[in-house]
Structures are given as C-alpha cells and as structure tokens.
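# When you get a sec, could you give me coordinates for this:
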Amino acid sequence: MFKLVKASIVAVIVASGMLAIATIPARAAVFFIPTPCDFITGGGFIFTDSGARANFGAHGGCKHGDFWGHVNYVDHGGFNGVAPYHVDSLEITGYLKLDEAPNGREICGVARTNAGETVNFRVRMEDNGEPGTSDRFGIVLSNGYLVTTRLLGDGGPGGGNIQLHKPNPSTTGPDPQPSEEEMCAGLPSPGF
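Reported below is the predicted structural model:
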C-alpha cells in the first residue's frame, strides 16, 4: 500500500542575536475538482521502467452532477504473472486538477485486471500542446503497480495525443464535492 508523506523544511532563523531552528511544513500539492468542471480524452503509448510498451485509452471528467469516463491500459511487459497486463475501469470515482498544473487532470476509479484483481487506480493525463509531442501519462494502482507520469512515446515519434476540453453545460460536478481521499481511495498522484 501507499502512504502519503508530507515533507517539511528546516529553517534557521537568526533574530536579535539568538539562533532558532524551526520546522516549516512544505506546501503540499493541492488537488481539486475543476470549477467549472471540464473533461479530458486521450490515447497512445508510453514505455514503462522495464522498457516494455504500454498502450492506453482514457477519458474522464464531470457530467450532469457526477463523474464520467473510462480507462483502458495494457502493459505488454506484464505484471503479477500475467503478460500482457490489462487494466479496465469499472467505475470513475474522481476527477481532479492540480493547482500548479493547469493542463493536467487526474482520473480515479475502480478497475478489474486480467490477473483476477479488483483495484483502485489513479491516472494522470497532461495536454501540453499539439500535436501531442509534449503530452504526458502516468498510472498507479492499489496493488503496487506504478508508472510515473512521462512523455507519450518517451518524446519519440508517435506516442498519441491528449486533449483537454473546455467546460460545457453538461460538465457539472457533484455537489457536495467529495474529498481527494474519498475520490482516490488514498492513492497518491503518479507524479507531476
């Protein structure tokens, strides 16, 4: 399982000839449901840390007061004794924006795998311009699987495209808004 750790900064303060040491909590990343809500779509491939190719198709956002979307991911190198390793979403439970990354969104939910598991997932998608050469994707699962956010196709030829879409009258989110913990079952972001 994953545990969120908040970093801190140690500061040395000299005032009136006295030395003081203070621990100041570092600013934690703040995720929230975008207001007004929007949606993101994309597909392509990345390379995992082992060098295996992984394909994905994903979309998510808000629609008519709820979350909406689907995530389909295949790691051709395999995981948990299954190759290729296939993750297919069953339910979308959250859609988040990071305050410091205006073009990135995260989709959280529950999925099944072809290894017979039901897992929580958190996907990060970034639309960093056209035609997708700087777009990024990452995924983390509650069973320990992790591919940190990286360039589609590792910045090489091909790779795919991610598109962040503007809000429209149907892209309303839930009210009241659930917390990040409730939406993502405590999974950390795969990176930003």
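# Pull the contacting residues for residue 97.
31, 32, 33, 34, 104, 105, 106 (C-beta atoms under 8 Å, 6 or more residues apart in numbering). From N, CA and C alone the C-beta is placed, and that goes for glycine too.
# isn't the first one right up against residue 188?
No. Assessed by C-beta atoms under 8 Å, residue 31 is found out of contact with residue 188, at 10.2 Å.
# neighbour count winner among those two?
Neighbour count, other C-beta atoms under 10 Å: between residue 31 and residue 188, residue 31 has more, with 21 against 14.
# Identify the bridge partners of the closest residue to that one other than its chain neighbours.
Sequence neighbours aside, residue 96 is the residue nearest to residue 31 in space, at 4.2 Å (criterion: C-beta to C-beta, 6 or more residues apart in numbering). Counting by DSSP bridges, residue 96 is bridged to residue 106.
# Please report the number of neighbouring residues for residue 96.
The burial count for residue 96: 21, using other C-beta under 10 Å.
# mind checking how far it is from residue 174?
12 Å (C-beta to C-beta, to the nearest Å).
# ok, which stretches of this structure are helices?
For the chain, the helices defined by DSSP state H occupy 180-184.
# partners of the residue most central in space within it in the sheet?
Nearest to the geometric centre of the chain sits residue 124, at 2.6 Å (C-alpha atoms, centre = their mean). Taking DSSP bridges as the rule, residue 124 bridges to residue 106, residue 138.
# residue contacts, residue 36?
167, 171, 172.
# For it, what are phi and psi?
Residue 36 has phi and psi values of phi -70, psi 150 when expressed as degrees, to the nearest 10.
# what about it, distance to residue 173?
Distance from residue 36 to residue 173, by C-beta to C-beta: 8 Å.
# same check, this time on residue 96
For residue 96, the distance to residue 173 - C-beta to C-beta - is 11 Å.
# which residues are common contacts for the two?
residue 33.
# So, low pLDDT: which residues of the chain?
Across the chain, residues meeting the criterion (pLDDT under 70) sit at 1-28, 157-158, 192.
# same thing but 80
1-29, 131-133, 154-158, 192 (pLDDT under 80).
# so where do the strands sit in this protein?
Along the chain, counting by DSSP state E, strands occupy 8-15, 18-25, 31-32, 39-47, 53-63, 66-75, 85-98, 101-113, 118-126, 136-141, 146-151, 160-165.
# Same list, those strands, but as CSV with distance to residue 181 please.
Output for those, formatted as CSV (distance: least, C-beta to C-beta, whole Å):
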stretch, distance to residue 181
strand 8-15, 21
strand 18-25, 18
strand 31-32, 10
strand 39-47, 22
strand 53-63, 18
strand 66-75, 15
strand 85-98, 10
strand 101-113, 10
strand 118-126, 12
strand 136-141, 15
strand 146-151, 19
strand 160-165, 25
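# from these, which stretch is densest packed?
strand 136-141 (a mean of 25; mean count of other C-beta atoms under 10 Å).
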